[in-house]
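1. Have a look at this prediction, sequence included:
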Amino acid sequence: MTNMSAWAIRNPVATIVLFILLTLAGVVSFSKLRLNAMPDIDVPVVTVNVAWIGAAPTEVETQITRVVEDSVAGLGNANRVRSSVNEGMSFSSVEFAIGTDIDRATNDVRNAVMSIRSKLPQGVLDPVIQRVEATQQAILTFIVDGPGVPPDDLSWFVDSDVARAVLAVPGVARVSRSGGVEAEISVRLDPDRLAAFGLTAYEVSDLIKAQNINQPGGRATLGSSEQAIRTVGSVPDVASLRDTRFAFSDGRSIKLSDLGTIDHSWAEPRQRARFDNREVVSFSVFRAVGSGEVAVAQAVRKRISELAARYPKMKIVEVTSSVDVVIEGYDAAIEALLIGAMLAVLVVWLFLRDFRATLISGLALPLSLIPTFAIMYVLNQSLNNISLLGIALVVGILVDDSIVEIENIVRHIRESGKSVYDAAIEAADEIGLAVVATTFAIIAVFLPVGLMPGIPGQFFKAFSIAVCSAVFFSLVVARLLTPLMAAYLLRGDTNEQREPAWVSAYVRTLQWTLRRRWITVVAGPVFVLATLPLVLHLPADFMPTADRGRSILTVELAPGATLEETDAATRKIVGVFKVRPEVASVFSTIGAQISSVSGPGDLTTSIGEVRKATVTINLVPRGERTLSQQAFETAMFSELFRVAGARARFGGDGASAATIQISLLSDEAALLSASAERLARDMRSTPGFRSVTVNGSLARPELQIIPKKDKAAALGVSTTTIARTVNIATVGDIEQNLAKFSLDVRQIPIRVMLDEAGRKDLSRLSILQVPAFEKPVPLSSVADFVLGAGSIQIDRLDRTRSETVEAQLTGLTVGEAEDLVAKMPSIRVLSPSVIQKPAGDSERMEELFNSFTLAISTGVVLLFIVLALLFNGFIQPMTILTALPSSLAGAFGLLLLTQTSISLPVLIGILTLMGIAAKNSILLVEYVIVARRDRGLERAEALMEAARKRARPIVMTTLAMAAGMLPIALGIGAESERRAPMAIAIIGGLISSTILSLIYVPAFFTVMDDCERWISRRFQGR
């Protein structure tokens, strides 16, 4: 590619056609690119959900979760198994190695779980095995209001019509309903009447199921036609169900209505939704992994408007969205990109003072960037915060190659007196190796980022593709189009410009340092080593927080709290927010959610806790409030203490205050719980930690029924019989065992349980009839009642119990908090049987830093290999690499000056500096080598000429890149908090690396040149 410029100048039509095609491909691809908040992380994950209605977490863990974990732990490529055990639900997540076929993984998990199905308790529902396809956060949430429409019909409208319409939108993976009720036929039994008739609750449930059923009955030939036989036993209405009689072997028959009340109502609510304290029915939309967040949201909104037009009585209103901030961030990134591009072009004009030369350099930016979108589209990438970060990053880099080319061509025109055509060919050929070397140096640095292992590699694949593609196309533009345009557009009467005064001053300084080269060579590392300790004063963080205009608050009440108590506390919290001028609206969900996982009629109830709620606070636009989102949350934190009995904390959307999570693992439950509590106490007493919670250590009140072994055995009453009797009497039978009532296209369950008074009165519960050998006996005669406590939630990691201590950070970064935790007494004296593991941001930060260390090391090695191949040697590439540490000094210095923590964007900036610092050194060293080889100049003379000829393009490209980064560093637009640290690191590194490259590299070059000569003489002497 070093001699392609002459071909392009002599074949202008072919070159122009090539760039027309590349531009068209890029424009078309750009219109088709997905727009998301973050890259989709394609980690194969399969979940196993097993429901055991009414079972305590300890029983679920022992009899279900451990068995499931053991069955899937040995599967190939299974990296990690996480489990969460709640009342009546075991949830296990199996994470496979990246690259594992998700379909095969799902089948492997399904086969493993089905093989142990017989080992699970008899009363559990069939395990639900699914691969994870939906994203974790909803992209849109709507409320549905229908004046005069009963709650169950409104809920059915969401579950049926809305779910069917929305799930038909490409890219929608799941629709989840909050609020509303589930229609059911409730049979509320009176314990006294059951005792009087000598019946048990589950006998009544079984009788209803046996009677209320339609079944095929064979076939018969009547006359000349064959008739199907069907036994139709289902009742046509609720009145008929009330009149249903049950016959017994002793000749008695009892009407169902004699045992209690039968009504068509709805199930006992376990969840609720509110919008500004008004109870509503809502639904949230989740997109599928691999779809475009903005495109899906737009299609859903269009489908909802069509649905609203079809059902004018139903009012559907959007209440919260995660998409608007994505669009704002995209607009801000494009704005910063355009401003940065204009500033970079302005720098070129200030140096060249030639409109045509500036235009040629400026065209390199769009013509390099637009074809990049075609590569991203072909490789199925999206526009997101990370890829846009990469695109914003290369704004200054994209014009670098063209600046070097055009500056060299203009200089040749002014100095040689040749025609523009000849000068363009000669200058482009002279600079060819340097341009190719600088471009591939940057690619060599960025390529390993996309090849990092694990989640960081998935996260930065789009970043690496965007940067490497754009930089490569900038090389193509610089080697083909820039010389072509210069040859045909530049004028030959360019006025001779005097050497700038700063160049003369630089040359004098360089001569002084070369005369004292050993002092210079030693001073460079001393300066770098003296400034590197600055990193010890910089806090470490995973990702800076951003103002997204939406705060998410989690509310938690003490174990045993009812839905009404949680609802009341949530309403008080909403009232606290509503009086604030920063708040536009508040949406809250209390308890569990109803999830439509695949379509209408396929509803699963997630077993949530009624003591928990989630409050989403939508803030007014940034320009209409004086507080940022983080400042608003800090101000509100103290006010939330006014709500007695409720523990509230912000988080869950990645924009709130930083959090730290420390996981402790042990099979000794008591020791684990004690260790977690000690750590929590230490954190509560340390400034900077707030809202410290221990997940898994809470105990809930329990009514324990303990069978009287001898008496129960004598009467023929088993523990299973007691458990099933109580379960049906208090919550009803499991879903798959319930009789169904047909209503149009709906199947409404018939749930049998005690009436509310019977379930709240322990004395009436004690007379509940239990089947025995001869006749049913009261529950109190075969069992004792004891008030106790049990775990409310059990978390497990890799088949070991775990408890996680979590806290929000105030004035601390994650790295600073980790250092404080490591020094706490509870951690220093941690029992050997308790293992500490980072979790949350700590885990992600540790994995990210380790991966980036590997990527940077690999990039430096690849950079050395590329330079060795291009320069056909090993000595001078080492000279070029000496400029790399100098960039760190400036980066850390400016970060410290601006009080910016080391985070993900800063790591990206440091990685970028590796390529940029090498680029400056390449321009100098390459000229010296060519001048000595082709023109026979002495080393000192070649160094001075390189200083005069290459100092200006080095400074031009540095200032152009700094100008391109300036809008980002100043924090212009949405999501700027996450882009600014990268720009600050780059600008600081540019300043130090450029100065040291111009001064230190020439001095070190002479030392390495002497070494090369000495090695050559020794080799030849042998």
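-> Looks like it came in fine.

2. which residues of the stretch 551-700 of the chain score low on pLDDT?
-> Low-confidence segments of the stretch 551-700 of the chain (pLDDT under 70): 592-608, 652-658, 696-698.

3. Equivalent analysis for the stretch 851-1000 of the chain, please.
-> For the stretch 851-1000 of the chain, the stretches with pLDDT under 70 are 972-976.

4. can you pull the pLDDT of Arg763?
-> Careful, residue 763 is Ser and not Arg. Per-residue confidence (pLDDT) for Ser763: 80.

5. Roughly how far does it sit from Ala714?
-> Separation of Ser763 from Ala714 (C-beta to C-beta, to the nearest Å): 24 Å. For glycine as for every other residue, the C-beta is placed from the backbone atoms N, C-alpha and C.

6. Equivalent analysis for Leu779, please.
-> To Ala714, Leu779 is 16 Å away according to C-beta to C-beta.

7. what about those two, which has more around it?
-> Leu779 (24 against 12; other C-beta atoms under 10 Å).

8. quick one, phi/psi of the closest residue to that one other than its chain neighbours?
-> Computed as C-beta to C-beta, 6 or more residues apart in numbering, the closest residue to Leu779 that is not its neighbour in sequence is Leu768, at 4.5 Å. Main-chain dihedrals, Leu768, degrees, to the nearest 10: phi -60, psi 130.

9. Report the next helix or strand after the worst-scoring helix or strand of the chain on mean pLDDT in sequence order.
-> Within the chain, no helix or strand scores below strand 603-605, which has a mean of 34 by mean pLDDT, DSSP states H and E. Using DSSP states H and E, the helix or strand that directly follows strand 603-605 along the chain is strand 612-619.

10. Report the buried residues of that following strand.
-> Under the neighbour-count criterion of 16 or more other C-beta atoms under 10 Å, strand 612-619 has 612-619 buried.

11. Surely Ser90 is in a strand?
-> Yes. Checked against DSSP: H, G, I helix; E, B strand; the rest coil, Ser90 lies within a strand.

12. Give the bridge partners for it, please.
-> Here Ser90 sits in beta bridges with Val50, Val85, as judged by DSSP bridges.

13. From Glu133, how far out is it?
-> Using C-beta to C-beta, we find Ser90 at a distance of 21 Å from Glu133.

14. and those two? which has more neighbours close in?
-> Using other C-beta under 10 Å, the more surrounded residue of Ser90 and Glu133 is Ser90, with 30 against 16.

15. Surely that one touches Gln63?
-> No. Counting by C-beta atoms under 8 Å, Ser90 does not reach Gln63; the two are 9.1 Å apart.

16. who touches both of these two?
-> When contacts are counted by C-beta atoms under 8 Å, 6 or more residues apart in numbering, Ser90 and Gln63 have Trp52 as shared neighbours.

17. Please enumerate the strands of the stretch 301-450 of the chain.
-> With strands called from DSSP state E, counting those that start in this stretch, the stretch 301-450 of the chain shows them at 315-321, 382-383.

18. And these: which comes nearest Phe157?
-> strand 315-321 (9.9 Å; C-beta to C-beta).

19. which strands and helices sit next to that closest one?
-> strand 140-145, helix 293-310, strand 583-591, strand 612-619 (3 or more C-beta pairs under 8 Å, 6 or more residues apart in numbering; DSSP states H and E).

20. could these go into TSV alongside distance to Arg796?
-> Shown next, in TSV, are those (distance: least, C-beta to C-beta, whole Å):
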stretch	distance to Arg796
strand 140-145	31
helix 293-310	32
strand 583-591	24
strand 612-619	20
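
21. which one of those lies closest to Gly99?
-> Nearest to Gly99, of all the helices and strands packed on strand 315-321, is helix 293-310, at 24.4 Å by C-beta to C-beta.

22. Okay, buried residues for that closest one please.
-> In helix 293-310, counting by 16+ other C-beta under 10 Å, buried: 293-297, 299-301, 303-304, 307-308.

23. try stretch 571-578
-> Going by neighbour count (16+ other C-beta under 10 Å), the buried part of stretch 571-578 is 571-574, 576-577.

24. now swap in stretch 180-198 and tell me
-> Buried, per 16+ other C-beta under 10 Å, within stretch 180-198: 180-191, 194-195, 197.

25. now stretch 519-530
-> Neighbour-count burial for stretch 519-530, counted by 16+ other C-beta under 10 Å, picks out 520-521, 523-524, 527-528.
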